[in-house]
Structures are given as structure tokens and as C-alpha cells.
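Engineer: task: produce atomic coordinates for the following.
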Amino acid sequence: MARDTRGPVPGETDNLKRVSLNPPHWREARRMLAAEAALLAVLAVVTLVMAMTAGSRTPGPHILDIGVSAALGWTLLGAALAVGVAVVWRRVAQVITATLSIGGAMLVVICAVAAVHHAHPFGSTTPVLLVWALVFCYNFAVAIWLVPNHIEGPDWIARRSRRP
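Structural biologist: Numbers count the residues shown, from 1 in each chain. Okay, the predicted model is just below:
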């Protein structure tokens, strides 16, 4: 329980009750995670199909200047499966969104450095950096959305008045 809610209720606020913001935020976050899982799965399947049909051609197929590779497809598929599992449990969703946002931020840096020095299995172009930056931002926003009581505190509503 929050530190500010311990002890006796002051007289002027005795008609207020504490309401957790977690359940409504979790319902909305489940929809956001399901949409992300579907989008990542579609992108992963398209990427894997294009990479498999290209064979050993170099430089390989491109989608919006993003070099398609099997490594990129399998990474997107793994992220889609993880997010699909996260839809079921709130605690798992918190861990997975935090992990994906950290991983997205790391891949932005890795792909940027690889673009300067050498080729990278995920591709090293500006669109690839934007994809990983979007993964970071979206998962960071969902992770923050999942912990409303820790960020903004619980909501306080007036109790219904009892009629004598």
C-alpha cells in the first residue's frame, strides 16, 4: 500500500476511497500488445519468405530500403511470439515490454555503429534504425502504461452517500 494511504483517514477525506488504475490500463495494454504482436508477426513472415526465396543473391531483396535477411525475420518473429505471450499475463507484459524497449535501444546503437564500420545481419540503413527506434518507443510507452499506480498514484473517488 502506498505510504500516503497508511494510517487513519483524515476527517475531511473520509468520504474518499482509493481506486487502482491498473485494471483499466491493463485492458487497454492488452489491445496494444495484441496489435504489436500481429504487426511484428506479419513483418516477420514477409521478411522470412522474402529472405528464403532470395536464396544466396546479394545484396538481397529490400523493403523500403530495409535489407531483408533471415536474421532480421527470426528476430522479429521472436519478438512477435514474446509479445503474444505477454498479452496473457500483466507481470510478463511488464518484463517483455521493458526487455524489448532495452533491446530496441541497443539495436539502434548497434546498427548505427555497424553502418559506419561494416555490414550488419539486420541491415545498417536509416530505415532499419527507424524500425528499431519505433520498437523502442512503442514498448517503452506500453511499459509505462502498465504501471500507472507507480507513476501517477491511485485515483481517489468519492464514496456514494448513504441515505438514512
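Engineer: for this protein, name the helix or strand with the lowest mean pLDDT.
Structural biologist: strand 62-63 (a mean of 64; mean pLDDT, DSSP states H and E).
Engineer: Trp89 and Trp26: what is the separation?
Structural biologist: Per Cβ to Cβ, to the nearest Å, Trp89 is found 10 Å from Trp26. In short, each C-beta sits where N, CA and C put it, glycine included.
Engineer: the more surrounded of those two?
Structural biologist: Between Trp89 and Trp26, counted using other Cβ atoms under 10 Å, the more crowded position is Trp26 (16 against 12).
Engineer: buried residues in stretch 76-93, which are they?
Structural biologist: By neighbour count with 16 or more other Cβ atoms under 10 Å, stretch 76-93 contains the buried residues Leu76, Leu77, Ala79, Ala80, Ala82, Val83, Gly84, Ala86, Val87, Arg90, Ala93.
Engineer: what of stretch 36-48?
Structural biologist: Neighbour-count burial for stretch 36-48 [16+ other Cβ under 10 Å]: Glu36, Ala37, Leu40, Ala41, Leu43, Ala44, Thr47, Leu48.
Engineer: ok, which stretches of the chain are helices?
Structural biologist: Assigned by DSSP state H, the helices in the chain fall at 22-54, 70-86, 90-117, 126-145, 148-151.
Engineer: now the ones you listed as CSV including distance to Arg160 and mean pLDDT?
Structural biologist: Output for the helices of the chain, formatted as CSV (distance: least, Cβ to Cβ, whole Å; pLDDT from 0 to 100):
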stretch, distance to Arg160, mean pLDDT
helix 22-54, 20, 87
helix 70-86, 36, 90
helix 90-117, 29, 86
helix 126-145, 29, 86
helix 148-151, 23, 68
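Engineer: closest to Ala105 out of the buried residues of stretch 76-93?
Structural biologist: Taking Cβ to Cβ as the measure, Ala105 lies nearest Ala79 of those, at 13.8 Å.
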